[in-house]
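Student: I would like to see how this sequence folds:
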Amino acid sequence: MMLAGKVALITGAGSGIGQAASILFADHGAKVAVIDIDRKGGEQTVESIRAAGGEALFLQTDIGVMSSVKAMVEQVLAHFSRIDTLFSNAAAYTEKNAVDLTEDEWDRTLAVCLKATWMLAHFIVPSMLANGGGTIVITGSVHAIRGYANYTPYQAAKGGLLALTRALAADFAPTIRCNTILPGAVVTGLWKQFDEVRRNEIAQMCPLKRNGTPQDIANAALFLASDMSAYMTGTSLVVDGGLSSIVQL
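Tutor: Residues are numbered from 1 along each chain as shown. This is a model prediction of the structure:
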């Protein structure tokens with residue numbers, strides 16, 4: 001019960017990493033605000049939490065739009081009275097290079113993958129400060145520390161999250177801690193375009209010889225959200241099966 005009595009707000013909670021983290025956080029005693037643009041997925045997450053005896057609230061939200069983020073945070077605070085942990089996890093990306101990319105594709109990717117975390121912090125941090133503390137966990141990516149072809153806006157956003165992590169940690173320490181997870185190849189709904197052959201090829205690039213699961217990243221998020229990581233802030237935790245630690249020959 002590492003989060004007993006806490007309230008956690010998790011974005012991208014209708015599937016993948018966000019869904020796994022929502023269920024895990026609830027299992028450890030947290031009340032969970034389940035945030036996603038996908039109503040069906042979000043409601044399924046809430047149903048799973050409630051079926052296990054937990055407490056959860058779903059709010060359908062486009063976290064790339066500031067007015068939507070503001071309204072959502074206000075609803076969560078009205079319902080739960082506080083937010084102790086923010087897990088900014090939602091993502092969107094377009095597989096294109098800088099030449100092929102359109103301005104709308106750039107703007108949308110940056111809005112969901114980078115700007116959203118600032119917007120969430122903008123509206124949530126004041127309540128955390130008023131309550132005497134809180135933790136912010138961000139889903140980054142090994143794309144922030146390694147180059148991958150044809151992911152220009154996604155990599156720019158994930159790189160920006162590392163800098164934003166340090167900024168939030170510096171601005172609001174010691175009251176609030178902020179850390180980022182850098183997942184590697186994790187099988188989520190964003191992998192729909194990969195068949196089993198390609199998924200296995202990617203797995204073989206990792207020293208651990210498997211792709212990550214949403215649960216692998218949820219476990220890391222729980223660690224960073226809880227007092228187990230009480231002496232960590234402003235840093236990143238790589239959870240990639242060793243993918244970024246070696247050079248493929």
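
Student: just the strands in the protein please.
Tutor: The residue ranges that make up the strands of the chain, judged by DSSP state E, are 7-11, 31-36, 56-60, 85-88, 134-139, 176-183, 236-239.

Student: what would these look like in CSV with mean neighbour count, distance to Leu208 and mean pLDDT?
Tutor: Placement of C-beta: from N, CA and C, glycine included. Putting the strands of the chain into CSV (neighbours: other Cβ atoms under 10 Å; distance: least, Cβ to Cβ, whole Å; pLDDT from 0 to 100) gives the following:
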stretch, mean neighbour count, distance to Leu208, mean pLDDT
strand 7-11, 28, 26, 98
strand 31-36, 28, 29, 98
strand 56-60, 20, 32, 98
strand 85-88, 29, 24, 98
strand 134-139, 26, 20, 98
strand 176-183, 25, 13, 98
strand 236-239, 19, 11, 97
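
Student: what about Pro207, neighbour count?
Tutor: A count of nearby residues for Pro207, using other Cβ atoms under 10 Å, gives 12.

Student: Is it correct that it is in contact with Ser244?
Tutor: No. Here Pro207 does not reach Ser244: they are 10.3 Å apart, not a contact under Cβ atoms under 8 Å.

Student: who touches the helix or strand of the chain with the lowest mean pLDDT?
Tutor: Lowest by mean pLDDT, DSSP states H and E among the helices and strands of the chain is helix 196-203, with a mean of 84. By Cβ atoms under 8 Å, 6 or more residues apart in numbering, the residues outside helix 196-203 that reach it are Ala185, Val187, Trp191, Phe194, Lys209, Arg210, Asn211.

Student: let's see it at 6 Å
Tutor: Ala185, Arg210, Asn211 (Cβ atoms under 6 Å, 6 or more residues apart in numbering).

Student: what's the answer for stretch 77-90, then?
Tutor: With contact meaning Cβ under 6 Å, 6+ apart, stretch 77-90 is reached by 6-12, 17-18, 21, 31, 57, 63, 112, 117, 120, 124, 127, 131, 134-139, 221, 225.

Student: Quick check on Gly12: phi, psi?
Tutor: phi 60, psi 30 (degrees, to the nearest 10).

Student: Give me the spatial nearest neighbour of it, chain neighbours excluded.
Tutor: Ranked by Cβ to Cβ, 6 or more residues apart in numbering and with sequence neighbours excluded, the top spatial neighbour of Gly12 is Ala90, at 3.3 Å.

Student: Spell out for me which residue occupies the centre of the protein.
Tutor: Nearest to the centroid of the C-alpha atoms of the chain, with distances taken as Cα atoms, centre = their mean, sits Asn89, at 1.8 Å.

Student: Before I go, just wanted to say thanks for your time.
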